[in-house]
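Q: give me a model of this one.
(chains A, B and C)
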Amino acid sequence: MPELPEVETVARGLDQRIRGDVIESVWLTDKPQLYRKQKPAEIAATLEGAKVAGVRRVAKHVVFDLDKPKSEHAQWIVHLGMTGNLLVVDPQRELKKHTHVIAKLKSGRELRFVDPRRFGKLSLHTGFEGPGTEPLTIGVEDFVELFRGRKLAIKAALLNQSLLHGVGNIYADEALFRAGIRPTRRAGTLKREELKKLRAGLIRVLNEAIAAGGTSINDYRDAEGAEGLFEIKLRAYGRTGEPCLRCKTPIKRIVVGGRSTHYCPRCQR
DNA sequence: ACTATGTCCTGCGAGC
DNA sequence: TGCTCGCAGGACATAG
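A: Numbers count the residues shown, from 1 in each chain, chains lettered A, B, ... in the order given. Next comes the predicted model:
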């Protein structure tokens, strides 16, 4: 599932490959779930003829900064959802099932968006910022302030994109493991020192994952559609029943905020 | 203003 | 072998 490190990897890969290229024509699916803000016709009209000034990540979104005389500062925003993939391929390449976007590039290649589960979203923006704060640059004071007075479980708070950008189910579990904090703790009850540890653990695991090119568990592919790269060693997520890497106690699985949650009942209090 | 829960969607693995 | 069923979860809608 694409979280911050995976989206970062995808965006960097795309920036490297298509920056400066021009979108000559676009085909967009009419599946309505992909569109919340604009209709496909409007998106297509904006994309066609636009030069890709750059590709970057904001929150869990891939942002294409477009350079186009008639719509200045236009941005194409792609959310990968659970299973979204952005591929840059030769036009001869076999068309995958669930392809929702085909953009023909001046260089002769095609940018394609494939998303079987259709949790992804396509939209247009200008000056896109996202609803919350980027975890890699937030300071300790602001981090502590995010959770003050909140009654929901810290795990659920970490997943809230209006607070922190880009943390999903995997890295939430991993950050809490590294910080030794039980996912069910009410966010507002965490001590300043605990939140400092949580911030440090989160930043560490996110940076490790970015350095490894994303954790490729299920549906994630990099910008070239290649399987895998490296995988970081997960210490909690998906390790139900397996021994804690620190104390050997079996990792427990519970549900928090409607999401599967993994933790060590001994190390995380 | 918060928080909790249901919903969308397909592929895959478990179980029979 | 082939089928059904349940689960996976990001973000939003809705309810409390």
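Q: go through stretch A:236-248 and flag the buried ones.
A: For stretch A:236-248, the neighbour count (16 or more other Cβ atoms under 10 Å) marks A:Ala236, A:Tyr237, A:Arg239, A:Cys244 as buried. Yep, even glycine has a C-beta here, placed from its N, CA and C like the rest.
Q: mind checking how far the third one is from DNA strand B?
A: Which is A:Arg239. Remark: distance between A:Arg239 and DNA strand B (Cβ to the nearest atom of the strand, to the nearest Å) = 15 Å.
Q: was I right about that residue contacting A:Thr261?
A: No - between A:Arg239 and A:Thr261 there is no contact under Cβ atoms under 8 Å: 11.8 Å.
Q: look at A:Pro32 and say how many residues are nearby.
A: The tally of other residues near A:Pro32 (other Cβ atoms under 10 Å) stands at 10.
Q: turn the buried residues of stretch A:236-248 into JSON lines, including distance to DNA strand C.
A: What follows is those, written out as JSON lines (distance: Cβ to the nearest atom of the strand, whole Å):
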{"residue": "A:Ala236", "distance to DNA strand C": "11"}
{"residue": "A:Tyr237", "distance to DNA strand C": "7"}
{"residue": "A:Arg239", "distance to DNA strand C": "12"}
{"residue": "A:Cys244", "distance to DNA strand C": "19"}
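Q: how about A:Thr46, secondary structure?
A: helix (DSSP: H, G, I helix; E, B strand; the rest coil).
Q: same question for A:Glu24.
A: Classified using three-state DSSP, A:Glu24 is strand.
Q: got the contact list for the nearest residue to it once chain neighbours are set aside?
A: Excluding its sequence neighbours, the residue lying closest to A:Glu24 (Cβ to Cβ, 6 or more residues apart in numbering) is A:Lys104, at 4.9 Å. If a contact means Cβ atoms under 8 Å, 6 or more residues apart in numbering, then A:Lys104 has A:Ile23, A:Glu24, A:Ser25, A:Val26, A:Pro91, A:Glu110 as its contacts.
Q: find the nearest non-adjacent residue to A:Ser162, please.
A: Sequence neighbours aside, A:Pro131 is the residue nearest to A:Ser162 in space, at 4.5 Å (criterion: Cβ to Cβ, 6+ apart).
Q: for the one you found, which residues are in contact?
A: Residues in contact with A:Pro131 (Cβ under 8 Å, 6+ apart) are A:Ala59, A:Gln161, A:Ser162, A:His165.
Q: now the last one: closest residue in space that isn't a chain neighbour?
A: In this case it means A:His165. Leaving aside its sequence neighbours, A:His165 sits nearest to A:Ala59 (Cβ to Cβ, 6+ apart; 3.8 Å).
Q: ok, back up a step: got a pLDDT number for the residue nearest to A:Ser162?
A: pLDDT for A:Pro131: 93.
Q: so how far is A:Leu4 from it?
A: Look at A:Pro131 and A:Leu4: by Cβ to Cβ, to the nearest Å, they are 14 Å apart.
Q: same question, A:Ala41
A: Distance from A:Ala41 to A:Leu4, by Cβ to Cβ: 32 Å.
Q: cool, and A:Lys233?
A: 18 Å.
Q: looks to me like A:Ile254 is in a strand.
A: Yes - counting by three-state DSSP, A:Ile254 is located in a strand.
Q: so it sits against A:Pro265, correct?
A: No - using Cβ under 8 Å, A:Ile254 is not in contact with A:Pro265; the gap is 9.7 Å.
Q: compare A:Lys233 and A:Leu4 (neighbour count), which wins?
A: A:Leu4 (24 against 10).
Q: can I assume the more buried one is in contact with A:His165?
A: Yes - counting by Cβ under 8 Å, A:Leu4 touches A:His165, with 6.8 Å between them.
Q: joint contacts of these two?
A: Common neighbours of A:Leu4 and A:His165 (criterion: Cβ under 8 Å, 6+ apart): A:Ala59, A:Lys60, A:Pro135.
Q: mind putting the residues you listed into CSV with pLDDT, neighbour count and distance to DNA strand B?
A: Listed next are the shared contacts of A:Leu4 and A:His165 as CSV, based on pLDDT from 0 to 100; neighbours: other Cβ atoms under 10 Å; distance: Cβ to the nearest atom of the strand, whole Å:
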residue, pLDDT, neighbour count, distance to DNA strand B
A:Ala59, 97, 22, 18
A:Lys60, 97, 21, 15
A:Pro135, 97, 22, 18
